[in-house]
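J.: Please work out how this folds:
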Amino acid sequence: MILLSSFIAFSLIPNLYPVLLQERNNEKTLQHQVTVTVKLIQVYVTDKNGNPVLDLGKEDFVIYEDGKKQQITEFEKHVLSLPSMEEKIQPEKIPESGLPPPRKLMNRKFFILFDFAYNNARGILKAKEAALHFIDTQLQPLDEVAVLSYSAIKSLTLHEYLTTDHKKVRNVVDSFGLKDILGRAENLEVEYWSKMQNRTPLDASNKQDPAIEGIKEKLIFDRIESLHQAVNFSKKMIEFAKALRYIPGQKHILLFSSGLPYSMMYRVNLIGSEELRSRLTYEDMLKELSASNTKIYALNTEESSILGIKLGIKIKGVFSLQNMASSTGGKYFGNINSYERHLETIQNLTGCFYVLGYYIDEKWDGKYHKIKVNVNRPGCEVHAQKGYFNPKPFIKYSELEKMLHLVDLALSERAHFQKPVHFPMVTFPCSLGKEMNLCLVSKISLEKIQDILKGKVEVISIIFDESSNIVEFARSERDISKHPENNIYYYSLFPLSPGEYKCRLVIRNLKTGRAAVAGSPAIIFERQEKGIELLSPLLLVSEKNAFYIKGFVPREKTDSFSLVDYFHFDSAQYAPLVLEELQGDSTVLAAMPYFVSNIPEPEVTISASLIEQSSGEIISLQVITRSEAKEKELSIRLIEIQIPELPSGDYALNLTAEEVKSQSASRVTKIFKIRHPMKRTFN
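T.: Sure thing, here's the model as predicted:
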């Protein structure tokens with residue numbers, strides 16, 4: 001079983017997700033059409049004492065972009081319950097007259113980051129305790145939360161992407177143990193300076209000290225290794241910050257760390273260029289985090305020790321944590337043991353905000369635009385993002401950005417990087433030999449997603465179990481645009497154990513990054529030892545000359561499995577029914593797989609009925625068997641069902657298989673809606 005974190009571990013990107021495109025230097029940048037969109041800005045307003053100001057209206061705000069005043073078209077106020085407030089204030093939405101309704105509320109976004117490199121066992125356990133307390137007591141239902149970690153071996157790893165499923169987030173955090181500190185930096189600075197005969201970094205920085213000339217080769221190696229670790233941390237955070245640019249709104253990182261040691265960047269010049277590189281990379285990290293509208297709330301996990309006091313505060317990470325917090329507009333918190341008070345402060349700082357919206361011409365040029373927000377009320381302090389970046393062409397994305405873009409499409413409840421096109425998919429179990437498989441069938445309409453299919457695309461299939469672990473992952477590159485047919489049916493086959501699953505299919509253009517996404521739940525039941533067992537049928541409707549593309553199929557089944565051959569239907573006349581509407585008096589075919597176990601010479605009858613769900617009325621349907629194919633215990637019967645004219649409403653199609661001799665029966669149900677007269681939609 002492949003864990004979710006292994007799919008989206010940034011450190012594993014080179015192995016899991018190789019470079020997609022090597023662009024030639026002379027290739028022209030892709031041109032994107034300018035679109036008009038709404039830019040939403042989160043704004044925090046406090047009085048001079050740092051308390052939130054909660055009674056402002058749209059008329060109290062003024063927004064400037066690149067020095068030009070903007071017309072505010074959307075306005076929302078978010079007020080969360082604060083410990084200092086006597087009564088809970090409900091979130092308030094201010095209606096707009098003469099304008100379309102505003103977007104959904106912009107949620108708070110938290111990234112919980114565990115630093116396993118610059119930390120120790122006690123600090124990590126305390127960080128875990130604090131994070132669980134934050135999840136249990138401070139999060140609001142609409143808050144989106146992600147979990148990351150950094151270690152010397154695994155680098156930066158995303159364990160859970162932004163989600164409002166806080167139980168899932170809690171399970172991830174709760175699973176962290178001492179095993180997760182393997183590969184940490186082990187506070188190399190303290191080890192290094194303790195070997196320097198109790199000399200502090202400031203002592204050693206004196207170039208006249210003859211002890212410098214006697215540094216052993218191993219100490220130099222340890223020093224360089226420690227500097228490389230500091231540079232790697234800063235680089236990974238720079239890459240992450242650049243990817244965060246394209247997630248709208250203010251982002252909050254809760255960083256649990258003892259911090260990069262001061263001597264990694266300042267005041268010590270034993271190795272010259274290496275230390276300069278460490279300092280410059282660290283300072284670049286601060287700039288990128290600030291530019292991405294990300295605030296750092298740093299909770300220092302290091303406890304005081306005799307050795308730490310002896311070596312002096314300059315060797316510790318307090319300075320770097322304070323600098324990260326102040327440079328991004330966040331806050332530093334010392335003494336992790338007081339985490340309850342610290343987290344309450346973070347709640348107060350992030351809990352009340354306004355959302356302002358105005359229209360912009362969105363261009364795909366990656367340019368930066370400055371934003372200035374003022375409040376027309378004396379005594380108010382405004383805290384808002386300083387600007388934003390236009391989207392940049394996908395071909396200019398870094399590998400980490402491409403991966404986070406994919407993670408956003410595949411895992412997010414509401415994608416932040418772009419609004420993907422959605423297309424339908426159905427799933428059903430298939431039996432090939434003794435094992436069960438899950439078949440995924442998607443209908444790709446060239447007319448609807450032709451812009452995405454221009455040129456080469458990647459097709460990615462992901463299957464999650466009920467715990468949201470990835471159990472199957474498949475990727476291929478294709479050029480679907482060359483197919484002239486209007487509808488393409490893309491199918492894949494995955495061997496899976498009985499259980500509940502969630503399936504996701506992502507089609508992403510390798511040049512533009514534009515994407516289409518399909519999703520569907522699935523269930524595979526345990527096989528019965530005796531009697532008849534009906535599997536979920538494949539419903540078919542009239543469609544001429546649809547085109548079929550075989551996606552992932554296990555290597556040993558590649559030559560033997562075909563969707564058309566398995567279900568024995570005429571692909572020139574029929575195609576799978578995938579979340580489509582039906583016309584009145586429609587004829588539907590159902591390819592019905594079923595098992596009959598331990599019953600010699602079974603006699604099987606098939607019946608069908610419709611149930612109008614609001615009234616419970618049962619409508620019997622006529623069933624005509626067109627064909628039947630058998631292979632050992634598996635049979636697939638192709639039946640014809642006539643759907644009568646029905647009024648609008650919700651309906652259930654019951655298909656029942658009964659073995660006459662044993663009087664055993666099995667039933668499956670398909671739910672569909674009739675939204676308009678003469679039109680019916682199957683799910």
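J.: what ranges do the strands span in the stretch 551-683 of the chain?
T.: Remark: strands assigned in the stretch 551-683 of the chain by DSSP state E, counting those that start in this stretch are 574-576, 581-583, 587-597, 604-612, 617-621, 623-631, 634-642, 649-659, 664-676, 679-682.
J.: how about JSON lines for the ones you listed, with mean neighbour count added?
T.: (Glycine included, C-beta is placed from N, CA and C.) What follows is those, written out as JSON lines (neighbours: other C-beta atoms under 10 Å):
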{"stretch": "strand 574-576", "mean neighbour count": "24"}
{"stretch": "strand 581-583", "mean neighbour count": "16"}
{"stretch": "strand 587-597", "mean neighbour count": "21"}
{"stretch": "strand 604-612", "mean neighbour count": "17"}
{"stretch": "strand 617-621", "mean neighbour count": "12"}
{"stretch": "strand 623-631", "mean neighbour count": "13"}
{"stretch": "strand 634-642", "mean neighbour count": "19"}
{"stretch": "strand 649-659", "mean neighbour count": "19"}
{"stretch": "strand 664-676", "mean neighbour count": "16"}
{"stretch": "strand 679-682", "mean neighbour count": "19"}
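J.: Among those strands, which comes closest to L255?
T.: strand 664-676 (46.5 Å; C-beta to C-beta).
J.: Does anything pack onto that closest one? Which helices or strands?
T.: strand 531-534, strand 649-659, strand 679-682 (3 or more C-beta pairs under 8 Å, 6 or more residues apart in numbering; DSSP states H and E).
J.: okay, the angle between that strand and strand 649-659?
T.: 160 degrees (axes from the mean of the first three to the mean of the last three C-alpha atoms, to 10 degrees).
J.: residue ranges of the strands in the stretch 101-250 of the chain, please?
T.: In the stretch 101-250 of the chain, the strands defined using DSSP E, counting those that start in this stretch lie at 109-115, 144-151, 155-163.
J.: Let me have the ones you listed in CSV, adding mean pLDDT, distance to H405 and mean neighbour count as columns.
T.: Conversion of those to CSV gives the following (pLDDT from 0 to 100; distance: least, C-beta to C-beta, whole Å; neighbours: other C-beta atoms under 10 Å):
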stretch, mean pLDDT, distance to H405, mean neighbour count
strand 109-115, 96, 16, 24
strand 144-151, 92, 15, 24
strand 155-163, 88, 11, 21
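J.: Tell me which of the ones you listed sits nearest to V318.
T.: Closest to V318 of those is strand 109-115 (C-beta to C-beta; 14.0 Å).
J.: partners of that closest one, with directions?
T.: Partners of strand 109-115 in the sheet, by DSSP bridges, are strand 144-151 (parallel), strand 251-257 (parallel).
J.: got CSV for those, with distance to F428 too?
T.: What follows is the strands paired with strand 109-115, written out as CSV (distance: least, C-beta to C-beta, whole Å):
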stretch, distance to F428
strand 144-151, 33
strand 251-257, 40
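J.: quick revisit: can you check which of the helices and strands packed on strand 664-676 gets nearest to P141?
T.: Checking these against P141 by C-beta to C-beta gives strand 649-659 as the closest, at 28.3 Å.
J.: helices or strands up against that closest one?
T.: strand 531-534, strand 587-597, strand 604-612, strand 664-676.
J.: Excluding chain neighbours, what is closest to N598?
T.: Among residues not flanking N598 along the chain, K530 sits closest, at 4.5 Å (C-beta to C-beta, 6 or more residues apart in numbering).
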